[in-house]
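In: Generate a structure from the sequence data that follows.
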Amino acid sequence: MNLVDEILQEIEGSGKQSGAIIKTHVGTVREVKDEVVFIDGLQTVSYGEMLRFKAGSTGMVIDLLEDGVGAIVFGNYELIEEGETVEATGDVFSIAVSDDFIGRVVDGIGSPIDGKGSIKATEKYQVEKVAPGIIYRKSVSEPVQTGIKAIDALVPIGRGQRELIIGDRGTGKSTIAIDTILNQKKGDMICIYTIIGQKKSTTATLIELLKKQKAMEYTIVVAATASDSAAMQYIAPYVATTIGEYFMEKGKDVLVVYDDLTKHAWAYRQISLILRRPAGREAYPGDVFYLHSRLLERSAKIDKKYGGGSLTALPIIQTLEGDVSAYIPTNVISITDGQIFLETDLFNSGIRPAINVGISVSRVGSSAQTKAMKQVAGKLKNDLAQYRELAAFAQFESELDDKTKQFIDRGARMTQLLRQKKNAPLSLSAQVAILWMGANGYLDAIPVAKIEALEIEFNDFMQTSHTKLLEKIEIDKKIEEGSEKELHKIAEMFIKKQKL
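Out: Reported below is the predicted structural model:
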């Protein structure tokens, strides 16, 4: 062996002995770029592992490279300097969970930001978790009562379902999610509202509304606002889902709102481009589908043998000019079990919620719809879709046969009947009673302009004079023969009074 070979052997041997521990647990910051840090070393680090920086910030490994790792930073990345050491904790990103989360406002990584002190933890859950397998799941069989007539009747949502709310900006997407939460006041659902990339003022208004309506008693708000880092916005929906899974595994029913996943995809795209991942369609990375699928697949209705809880997801997607064929909308539509499509033209014409009945669909919710709602709304969706087509055609036709005219007249009244003011959800019995009136032709003689006022009057009349009937429908979840006879008598008397 010559001198050169001996020196090389010595160098290799010394590296294995003295450098192994340093390479395994400690790395060096090579570059800091807009909330993303490139680190040399850390050869045995895992994807999703937590890192600790010298300045006190924490980070998470999100990219494994041949010559190092890429990590996102939770906290002030500007304090991190090139050349400083980074410690790998050996723990995959987890958050502390407990019942004390209810009624609290937390940031994107689950830390309280409402000034009410720390949250006592009972367990730790991994944020990135595999969705429950088919063995653990049960078919959707119970409804999520939204309190919104147009949804409970036409596109019902079941517990354990993933129902997408999609539409342009300012069409009432968040209002539907908020009203659904408000309607759980006397129910048994725990609600989690995830804010992703929204303004701080919008977040403050939402929290104030939930407090005013006493909805914070069963609600958790996970807020990663527009002023928060892209890393916080990226991780927030996974943290919200993890909190939801804690309650689901305790046998409780949970509703998670993601407002909205368009901004979530933007945050991920920003991180991915900084990490120099190849940009594909609309500059999104190739794994953007997996970004949302691994999140929404965690929603489930669990079999009673394994606890019997459920996690229902209401993801929100914002479209541009109603373009549902764009990349992110088509991705999320294919992941979810149906969509509620809100149309700008309907919203501007005063039909609110502005649900396009033709495009909106619930693929599993009808299995969970109550018998009472099925009895009054069985043909309603098809009739309304046909009404829209006929109404458009009737504009060019001067003479219509009596049957078509009657169909259009009733469709106009039912469309008016499905209108609803925001933050005013209705009970199941109140919805069933008024929809029953419309479906049975009692409103055919009432002018369309008076339908809204008549509905308010009818609801007040039922609440004051016929509470027992409403309670019976609420408990039985169906309209029995005796109840139907009573409804006929009430409707005849009420309409007669209107004509006097």
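
In: where in the stretch 151-300 of the chain is pLDDT low?
Out: Flagging of the stretch 151-300 of the chain using pLDDT under 70 yields an empty set of residue ranges.

In: need the helices for it, in chain order.
Out: For the stretch 151-300 of the chain, the helices defined by DSSP state H, counting those that start in this stretch occupy 173-182, 200-212, 230-248, 261-274, 288-296.

In: could you redo the ones you listed as JSON lines and give each row distance to Tyr193 and mean neighbour count?
Out: The way it works is simple: take the backbone N, C-alpha and C, and place the C-beta from them, glycine included. Supplementary listing: the helices of the stretch 151-300 of the chain in JSON lines, determined by distance: least, CB to CB, whole Å; neighbours: other CB atoms under 10 Å:
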{"stretch": "helix 173-182", "distance to Tyr193": "7", "mean neighbour count": "23"}
{"stretch": "helix 200-212", "distance to Tyr193": "7", "mean neighbour count": "15"}
{"stretch": "helix 230-248", "distance to Tyr193": "8", "mean neighbour count": "26"}
{"stretch": "helix 261-274", "distance to Tyr193": "14", "mean neighbour count": "22"}
{"stretch": "helix 288-296", "distance to Tyr193": "15", "mean neighbour count": "19"}
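
In: a markdown table please, covering the ones you listed and showing distance to Leu390.
Out: Supplementary listing: the helices of the stretch 151-300 of the chain in a markdown table, determined by distance: least, CB to CB, whole Å:
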| stretch | distance to Leu390 |
| --- | --- |
| helix 173-182 | 27 |
| helix 200-212 | 39 |
| helix 230-248 | 42 |
| helix 261-274 | 35 |
| helix 288-296 | 37 |
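
In: Ala394: which of those helices is closest?
Out: Shortest distance between Ala394 and the helices of the stretch 151-300 of the chain, using CB to CB, is found for helix 173-182: 29.9 Å.

In: Tell me where the model's unsure across this structure.
Out: Within the chain, the segments meeting pLDDT under 70 span 1-4, 11, 13-24, 395-398, 499-500.

In: how is it carved up into domains?
Out: Domain ranges of the chain: 22-92, 96-369, 375-499, per automatic domain parsing.

In: Most tightly packed of the ones you listed?
Out: For these, ranked by mean neighbour count under the definition mean count of other CB atoms under 10 Å, the leader is domain 96-369 at a mean of 20.

In: That one spans what distance, first to last residue?
Out: For domain 96-369, the separation between the terminal residues is 36 Å (CA to CA, to the nearest Å).

In: picking up where we left off before, to Ile351, which of the helices of the stretch 151-300 of the chain lies closest?
Out: Of all the helices of the stretch 151-300 of the chain, the one in closest proximity to Ile351, counting by CB to CB, is helix 173-182 (13.6 Å).

In: wouldn't Ile220 be in contact with Ile243 here?
Out: Yes. Proximity of Ile220 to Ile243 meets the contact threshold set by CB atoms under 8 Å, at 6.2 Å.

In: if I look at the two, which residues touch both of them?
Out: Phe101, Ile192 (CB atoms under 8 Å, 6 or more residues apart in numbering).

In: returning to that earlier point: for Thr146, find the nearest of the helices of the stretch 151-300 of the chain.
Out: With distances scored as CB to CB, the stretch of those nearest to Thr146 is helix 173-182 (4.3 Å).

In: For that closest one, list the C-alpha coordinates in CSV.
Out: These are the backbone C-alpha positions of helix 173-182, laid out as CSV (Å, rounded to 0.1, in the frame of the first residue of the first chain):
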residue,chain,number,x,y,z
LYS,A,173,-69.7,29.8,0.7
SER,A,174,-68.6,30.6,4.3
THR,A,175,-72.2,31.5,5.3
ILE,A,176,-73.3,28.0,4.5
ALA,A,177,-70.6,26.5,6.7
ILE,A,178,-71.2,29.0,9.5
ASP,A,179,-75.0,28.4,9.5
THR,A,180,-74.4,24.7,9.7
ILE,A,181,-72.3,25.2,12.8
LEU,A,182,-74.9,27.5,14.3
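
In: Can you name every helix or strand that that helix contacts?
Out: Using 3 or more CB pairs under 8 Å, 6 or more residues apart in numbering; DSSP states H and E, the elements in contact with helix 173-182 are strand 164-167, strand 189-196, helix 200-212, strand 253-259, strand 310-318, strand 338-342.
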